[in-house]
Structures are given as C-alpha cells and as structure tokens.
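Visitor: What follows is a predicted structure for the sequence shown.
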Amino acid sequence: MISFAAGEPDFPTPEHILAAASRAVHDPANHHYTANAGLAPLREAIAENTLRYSGMPADPSQVMVTNGAKQAIFNACAAILDPGDEVLVPSPYWVTYPASIELAGGVPVAVPSTADTHFKVSVADLEAHRGPRTKALILVSPSNPSGSVYSTTELEQLAAWAISTGTWVIADEIYQRLAYAEPVAPSIAQITPDLENLVLVNGVAKSFAMTGWRVGWLVGPNDVVDAAARYQSHASGNVANVSQQAALAALTGPQDVVEEMRQAFDRRRKLMHAGVSAMPGIRCHEPAGAFYVFPNVTALLGEGHPSSERLAAGILEAAGVAVVSGEAFGAPGHLRLSYALGEEDIERGLSRIAAFFDTL
C-alpha cells in the first residue's frame, strides 16, 4: 500500500527539538498545569516568529497556544461568530473549516474557484457571495488542498475589500514556510498592516515535521485572544508542556532544517506534478506551496466510476494507492495527492495509478 493521502511530512522531528523535549520531561515544572494561553517564553517566541515571517508586530498577550492549528481555527470561530453569522470559505477548502464554523453556530458559504484562476478567489468572487450576515473570510495560503499561493497584489486586493466591508479575516498560514517561488509565502498581515479585524493561525506541524506534537497558535486582537482563551480553558486547558517546550526549541533553534525539508518537498513537487500531468485525461495546475497536487479527473469519470469519490476508491482497491477525493474539499471531479513521502514511493505510486487508468 502506498499512501498519497497523508497531510503530514514523512521526516522525523529534528534532533535538537527531541533533545529539548527530553530535557523538559525531566523538569518538574512541566509536570503540572500551566497558563491556559501558553507558556510565556513560547508566546514570546511566537510573537517574534509572527513579526519575522508575517510582518505583524504582536505582543505576547495577543498570542494563544492551541492544540494544533485546527484548534486555533475552531477557537477563532468560537470567539468571533454569533449564531447565524456567515463565513466565506474559498473552495476547494480544508475539510475542518466548514465544521469549525458550524460548531461555532455560524454558516459556511463556499466561494468556488477553478484551476483557471489557480484555485484562488477574487474580490468579485467574494462580493458575489457576501450577504448581510457575512462576518468573516477564511483565507489559506499556501492552500490545502490545491497548493495555491496568493500573490502580494492579490492579498492587497483582498485586504482592501475586507477593510471596506468590515469583514474579519482568519488567515491560516500553517504552510507559510513551504512555498517554492520564494522560501516564505506572502502574508496578508505584512501587506496590509492596517487590517485590524485579522487573526493569524499557524503552528509547528508542517514546517518542523511535528504533526503529532499538537502545537499551534492564533495571533490577533486582545479581545479575541482573551475570549478564545476563556473558551479553551473549559475545552482543553493548556497544551501539553513538553510539546510546548519542543515547539519553543523549534522556533528558537536552527532553522536550516526547515529549508532542507522545503527543498526536498520542491523536488517531490516537480516529480509528482510531472507524473500526474503526463497521464492522459488529467489536467493539473502546478502547486506553488504546501505538499499537494489537485488534478482534475472529470475526463476519467464514467459508468464504472461516476464520481471522483468512486474513482479514489477504485484506485485504492485496484492499485493499492490511497488518494483523497475532491468531494471532501468541496470540489468534486478532483483528487488530492500528497507528495509528503519519498521519491521512490512517489514514482511507484504514480506508476500504479497510470496502469489503473489505462484499464478505464
């Protein structure tokens, strides 16, 4: 079995991070409850990291540490939304966005995009779906599942729209340091510092191969962070202290490990995109960030596989390769293939899929 389904790096967590966690295990200070919003040194490091990579000055009081970026998204929605508020969600989208909105009492409103626009939405697209109850926009760049990255000009336009309409922006930057045209993807915070209704979401999971450590964060206005922290105090309490110490080592330690992984992903990206694009009937734009390709497979659908969901099941059953269907991301007719695995496995998996497609 070869899995192109996993949304996590296949690299081990870097050694200096493991060493910090090992030391933390033996420190009694980490054996007890700590501040719900996060350890003070980690919040300080996150504030510095946010300024360095997103260009947003932040006080540690504007930072809250969460159990992964997923909880940060959920907490942000819980803090911002009132029942019935609508949130614009560009499609294709990560599956957690609509669920987090609904759990907070909000209403997700999908804003479709296509490969012709590299799966990015414009101000005109947002306006076409904005209504009297629109409260927020969830913006992810680089994107899961499409790998798209918004340019500086595009972010400027979206930010100007958000300011003019009074719309909150929840910017998910978890893949920020896995961009390929440049080492760090542009941030809407850096481009438009006067955008006040802004919450940034990030974490150590993708860039430092730490998905299992469960450390993310949100950065935003004090009232939002305070409300989210009160919510988290009842939902989960503080993030595990050893994981927080590991995250602190990640942010303050050597950063060359991030660049090494980014370059490896870039090689895999090119290999995966070339292999998928060479298959007859497949249309696939080249991803600019994250570690996914998102090909259009509608030309391959038919009586035996009438949907991309059924096609994904057929690939699994006949070829022994796991992929994720576009239905999960609000984009039927597509498949998501992760290239967060070794080049040999990528080549083997693509060969199996191509052989299966030849039988259709």
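Guide: That came through fine.
Visitor: what sits against the most centrally placed residue in the chain?
Guide: The centre of the chain sits closest to residue 174, judged by Cα atoms, centre = their mean, with a distance of 4.8 Å. Listed by Cβ atoms under 8 Å, 6 or more residues apart in numbering, the contact set of residue 174 reads 69, 140, 144, 201, 202, 203, 205, 206, 216. (C-beta placed from N, C-alpha, C; glycine too.)
Visitor: what's the residue nearest to the last one when sequence neighbours are not counted sitting at in phi/psi?
Guide: Right, the one you point to is residue 216. Leaving aside its sequence neighbours, residue 216 sits nearest to residue 203 (Cβ to Cβ, 6 or more residues apart in numbering; 3.2 Å). The phi and psi torsions at residue 203 (degrees, to the nearest 10) take the values phi 180, psi -180.
Visitor: ok, now residue 291?
Guide: Per-residue torsions, residue 291: phi -140, psi 50 (degrees, to the nearest 10).
Visitor: Could you do residue 220 as well?
Guide: phi -170, psi -170.
Visitor: Domains in this protein, by residue range?
Guide: Under the assignment automatic domain parsing, the domains of the chain span 2-10+257-357, 32-252.
Visitor: Highest mean neighbour count out of those domains?
Guide: domain 32-252 (a mean of 20; mean count of other Cβ atoms under 10 Å).
Visitor: quick one: residue 11 and residue 203, what's the gap?
Guide: Applying Cβ to Cβ, to the nearest Å, the value for residue 11 to residue 203 is 16 Å.
Visitor: Residue 224 - nearest residue in space that isn't next to it in sequence?
Guide: residue 79 (4.9 Å).
Visitor: who are the neighbours in contact with the one you found?
Guide: 224, 225, 227, 228, 231.
Visitor: gap between the first one and residue 200?
Guide: Think residue 224. 11 Å.
Visitor: on that earlier part again, ok, and the residue nearest to residue 224, which helix or strand is that part of?
Guide: helix 68-80 (DSSP states H and E).
Visitor: after that helix, next one along is what?
Guide: In N-to-C order, the element after helix 68-80 by DSSP H and E is strand 86-91.
Visitor: mind checking how far that next one is from the chain centre?
Guide: 15 Å (Cα atoms, centre = their mean, to the nearest Å).
Visitor: now for that strand, which elements pack on it?
Guide: The helices and strands touching strand 86-91, judged by 3 or more Cβ pairs under 8 Å, 6 or more residues apart in numbering; DSSP states H and E, are helix 96-103, strand 107-112, helix 123-129, strand 134-140.
Visitor: how about those, which one is nearest residue 85?
Guide: strand 134-140 (3.8 Å; Cβ to Cβ).
Visitor: could you give the angle of that closest one to helix 96-103?
Guide: Strand 134-140 runs at 150 degrees relative to helix 96-103, counting by axes from the mean of the first three to the mean of the last three Cα atoms, to 10 degrees.
Visitor: Contacts only, for residue 275.
Guide: Per Cβ under 8 Å, 6+ apart, neighbours of residue 275: 346, 347, 350, 354.
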